[in-house]
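Engineer: Need a 3D model of the sequence below.
(one chain, ligands or ions: 2)
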Amino acid sequence: MKEKKNKKLYIEGKLTDFERIKMNSNYLRGTINEDLKDCITNGFNGDNFSLIRFHGMYQQDDRDIRLERIEQKLEPRYAIMLRCRLPAGVITTNQWLKIDKFATEKTLYRTIRLTNRQTFQFHGIFKKDLKSVHKMLHSIGLDSLGTANDVNRNVICTSNPIESELHHEVYEWAKKISEHLLPQTKAYAEIWLDKKKISTTDHEPILSKTYLPRKFKTSIVIPPHNDVDLHANDMNFIAIAEKRKLVGFNVLIGGGLSIEHGNKNTWPSCAIPLGFIPINKVLSVSESIVTTQRDWGNRTNRKNAKTRYTLHRVGFHVFKKEVEKRAHITFDSIRPYYFTTRGDRFGWIEGIDNKWHFTVFIPNGRIIDNSDQSIKSALAQVARIHKGDFRLTANQNIIIAGVDQKDKKEIENIFFAHGMLNKITELRKNSMACVSFPTCPLAMAEAERKLPFFITQIEKILLKYNMEKEKIVFRITGCPNGCGRSLLAEIGLIGKSPGHYNLYLGGNHIGTRIAKIYAENCTEKEILDHLEELIKIWSEKRDYKEYFGDFVIRFGIVKAVINSETDFWIK
Ligand code: SRM
Ligand code: SF4
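Structural biologist: Ligands and ions are numbered 1, 2, ... in the order given. Just a heads-up that it's a prediction; the model follows:
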């Protein structure tokens, strides 16, 4: 008898072209190898343009010189951005020195960019150097698998090892989940590492031949620090400890931030709780959540393909029941937990193993030497003498982890000598921007390059109203895809067109509330005028120590987004 499909669970309609690309790709091989031999263009052709993303690479062109190249009748200056896989952001000093060298010698911009998912990107690698970057990464135990496209992305995890024992256990889970959910195809090894074709029958038991309907993101967080912004992720594990020992995780699903300007069929969402699981169920539960999303996610519309839309369509309880069935468990009630902070805790912190950890502020995560600061040189110098490792944070900063008391001064001196220990305001520490121009093809307005300007202006406003010591989470994202996580900020800007942004307010300081639109299509001046007015009122009318994000809600300046499907778009 023909199986009767439940319409709620299976979307009928035309599959997106992306589904065809994946299906016809022979497990992500496409004709990438042939393209690599084509020296006429620096780009990739046809489906390969999308397929290289499954190998952790994006084809980009420098948008600052796009018009100039067109006028000169030249091909756009194609170059590749490569994103490494680095579960929980842990990188050894030896690995760091190798990537630093590669960035200097083989990339167009000679920089490394720390991302807000605890890894790094190289921008501007030419096609001819692609195999050498993969071989270099492989030689130091790294890869770029599963960092882009319709797979589980780099698994992020609370980064500061202050709670060392717990952190160590949780870090191991981040690695295990990442590895468990990785693509199994041998295409990566064959194409980039010149490995001989090992098997003729590839198999993707978890991801399937057509992989997931859309990107999928996972976080692990150790309360009370929501430094990973868990609500931006599809699947989240909140570590629950008893007597400092990990006993299990609360599992939350369906977070995500991307929207389309004006498209009410898109909305951001905080993740919602499924329940508590013991440690031994982590892999089966993560696999069951991923396979349920794999089977039920929308493959006819990529704008509605992420887990939150699947939950909305099939119903939370139906989804939960299916996960329980697949994982052979019953979720327990959520265990109590709370968050007090987000962001990074800068400076020295002593871990419980008597080691010290030094969190250093990296403006926009850009590892570069410039006239004010020589960040790249400083980190390379530290890497040469440091006996512990580096941890990349989910806020684009870096932790020099595992330092002995006696070595602290030497490390600090290096950063000081390179101009990196200047005093900065709480606003600057809690700010973030996505990459945007010139490399991001989707950018509508500046983000990374505009962030210092906005911060400096807002700092002046805060000073004027004696609020300069206050923390405000301020973020800019160059388009509504939301990479800069502006919709979880107390003040968030989302690019509309060059020089114009929508202004969002009302996220909270712990990252558990979605922000709401306050003003549309503003110029930089209009934004600063709005902020001056609001900061003035906040300074006069706030309750004792009330955060900006909470104040704008209590004072009725914007309505709180409680149920984002319904509340987000209502004015
Ligand atoms: Fe992102 C696409 C950069 C975190 C939502 N993101 C892109 C691309 C690859 C543009 C593209 O598709 O061609 C950007 C490359 C710019 C460049 O030149 O480097 C890009 N995203 C980034 C990074 C580097 C921003 C940063 O400054 O740190 C972050 C890399 C993280 C990583 O290491 O994997 C980054 N992106 C995010 C986040 C935040 C997060 O994950 O915590 C989000 C919002 C959370 C979410 O997923 O809902 C995010 N990026 C997107 C989207 C929208 C996805 C969607 O659900 O519709 C796109 C566009 C797409 O996938 O079609 C996108
Ligand atoms: Fe690019 Fe938009 Fe992401 Fe910024 S938010 S990096 S502009 S895709």
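Engineer: Alongside ligand 2, which residues does this structure contribute?
Structural biologist: Contact residues, the chain versus ligand 2 (C-beta under 6 Å from any ligand atom): 434-436, 440, 442-443, 447, 477-479, 481-484. No exception for glycine: its C-beta is placed from N, CA and C like everyone else's.
Engineer: residues making contact with stretch 304-315?
Structural biologist: With contacts defined as C-beta atoms under 8 Å, 6 or more residues apart in numbering, stretch 304-315 is touched by 8-9, 213-216, 234-235, 253-256, 258, 265-267, 269, 272, 289, 292-293, 296-299, 319, 565.
Engineer: Going along the chain, name the strands of the stretch 401-550 of the chain.
Structural biologist: Ranges of strands in the stretch 401-550 of the chain, per DSSP state E, counting those that start in this stretch, are 431-433, 474-477, 491-497, 500-505, 516-522.
Engineer: Sheet partners, orientation included, of the third one?
Structural biologist: In the sheet containing strand 491-497, its partner strands are strand 474-477 (parallel), strand 500-505 (antiparallel), by DSSP bridges.
Engineer: For stretch 182-196, measure first residue to last.
Structural biologist: Separation of the first and last residues of stretch 182-196 by C-alpha to C-alpha, to the nearest Å is 20 Å.
Engineer: I meant to write stretch 358-377 there.
Structural biologist: Start-to-end, stretch 358-377 (C-alpha to C-alpha) is 17 Å.
Engineer: gap between it and the chain center?
Structural biologist: 20 Å (C-alpha atoms, centre = their mean, to the nearest Å).
Engineer: Which positions within it qualify as buried?
Structural biologist: By neighbour count with 16 or more other C-beta atoms under 10 Å, stretch 358-377 contains the buried residues 358-369, 373-377.
Engineer: Then stretch 315-335?
Structural biologist: If you call a residue buried by 16+ other C-beta under 10 Å, then stretch 315-335 has these buried ones: 318-320, 322-324, 326-327, 329, 331.
Engineer: per-residue pLDDT, the residue nearest the centre of the chain?
Structural biologist: Centroid-nearest residue in the chain, with C-alpha atoms, centre = their mean: Arg117, separated by 3.4 Å. On pLDDT, Arg117 comes in at 98.
Engineer: Doesn't it lie inside a helix?
Structural biologist: No: judged by DSSP: H, G, I helix; E, B strand; the rest coil, Arg117 forms no part of a helix; its state is coil.
Engineer: my guess is it meets Arg153, correct?
Structural biologist: Yes: when contacts are counted by C-beta atoms under 8 Å, Arg117 is listed as touching Arg153 (6.5 Å).
Engineer: what touches both of those two?
Structural biologist: Common neighbours of Arg117 and Arg153, using C-beta under 8 Å, 6+ apart, are Lys217.
Engineer: Which parts of the stretch 1-150 of the chain are strands?
Structural biologist: Counting by DSSP E, counting those that start in this stretch, the stretch 1-150 of the chain has strands at residues 57-61, 78-83, 90-92, 112-114, 120-125.
Engineer: Mind putting those into JSON lines with mean pLDDT?
Structural biologist: Below are the strands of the stretch 1-150 of the chain laid out as JSON lines (pLDDT from 0 to 100):
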{"stretch": "strand 57-61", "mean pLDDT": "98"}
{"stretch": "strand 78-83", "mean pLDDT": "98"}
{"stretch": "strand 90-92", "mean pLDDT": "97"}
{"stretch": "strand 112-114", "mean pLDDT": "98"}
{"stretch": "strand 120-125", "mean pLDDT": "98"}
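Engineer: and the contacts of stretch 304-315, which of them are in helices?
Structural biologist: Members of the contacts of stretch 304-315 lying in helices (criterion: DSSP state H): 289, 292-293, 296, 319, 565.
Engineer: In the protein, what helix or strand scores lowest on average pLDDT?
Structural biologist: Within the chain, no helix or strand scores below helix 564-567, which has a mean of 88 by mean pLDDT, DSSP states H and E.
Engineer: contact partners of it?
Structural biologist: When contacts are defined by C-beta under 8 Å, 6+ apart, helix 564-567 is touched by residues 267-270, 312, 514, 516, 559-561.
Engineer: So which of those is the closest to ligand 2?
Structural biologist: Using C-beta to the nearest ligand atom, Pro268 comes nearest to ligand 2 of those, at 12.7 Å.
Engineer: quick one on the thing from earlier: which of the buried residues of stretch 315-335 lies at the shortest distance from ligand 2?
Structural biologist: Checking these against ligand 2 with C-beta to the nearest ligand atom, the nearest one is Phe319 at 27.4 Å.
Engineer: ok, that closest one touching Asp295?
Structural biologist: No: assessed by C-beta under 8 Å, Phe319 is found out of contact with Asp295, at 10.9 Å.
Engineer: Can you confirm whether stretch 347-364 lies near ligand 1?
Structural biologist: No: using C-beta under 6 Å from any ligand atom, stretch 347-364 never reaches ligand 1; the gap is at least 7.3 Å.
Engineer: quick one: the helices in the stretch 451-571 of the chain?
Structural biologist: Along the stretch 451-571 of the chain, the segments classed as helices by DSSP state H, counting those that start in this stretch run 451-464, 524-541, 548-554, 564-567.
Engineer: In PDB, could you pull the C-alpha coordinates for the third one?
Structural biologist: Extracted in PDB, the C-alpha atoms of helix 548-554 (Å, rounded to 0.1, in the frame of the first residue of the first chain):
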ATOM      1  CA  PHE A 548      19.100  50.000  28.100                       C
ATOM      2  CA  GLY A 549      17.400  47.100  26.500                       C
ATOM      3  CA  ASP A 550      15.100  46.500  29.500                       C
ATOM      4  CA  PHE A 551      14.400  50.300  29.800                       C
ATOM      5  CA  VAL A 552      13.100  50.700  26.300                       C
ATOM      6  CA  ILE A 553      10.600  47.900  26.900                       C
ATOM      7  CA  ARG A 554       9.400  49.100  30.300                       C
END
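Engineer: buried residues in that helix?
Structural biologist: For helix 548-554, the neighbour count (16+ other C-beta under 10 Å) marks 548-553 as buried.
Engineer: same deal with the longest one?
Structural biologist: For helix 524-541, the buried set under the neighbour-count rule, 16+ other C-beta under 10 Å, comprises 524, 527-528, 530-532, 534-535, 538-539.
Engineer: Please state the offset of that helix from the chain centre?
Structural biologist: From the chain centre to the centre of helix 524-541 is a distance of 29 Å (C-alpha atoms, centre = their mean).
Engineer: ok, now which ones touch Thr359?
Structural biologist: 160, 344-347, 349, 393, 397-399.
Engineer: List only buried entries from the ones in helices among the contacts of stretch 304-315.
Structural biologist: Burial by neighbour count, judged by 16+ other C-beta under 10 Å, picks out 289, 292-293, 296, 319 from these.
Engineer: Widest-spaced pair of those residues?
Structural biologist: Across these, the longest distance by C-beta to C-beta is 10.9 Å; it joins Ile289 and Trp296.
Engineer: Which segments of this protein make up each domain?
Structural biologist: What automatic domain parsing lists as the domains of the chain is 151-343, 347-359+368-422, 428-567.
Engineer: Any chance of these in CSV with distance to Thr111 as columns?
Structural biologist: Listed next are those as CSV, based on distance: least, C-beta to C-beta, whole Å:
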stretch, distance to Thr111
domain 151-343, 19
domain 347-359+368-422, 5
domain 428-567, 11
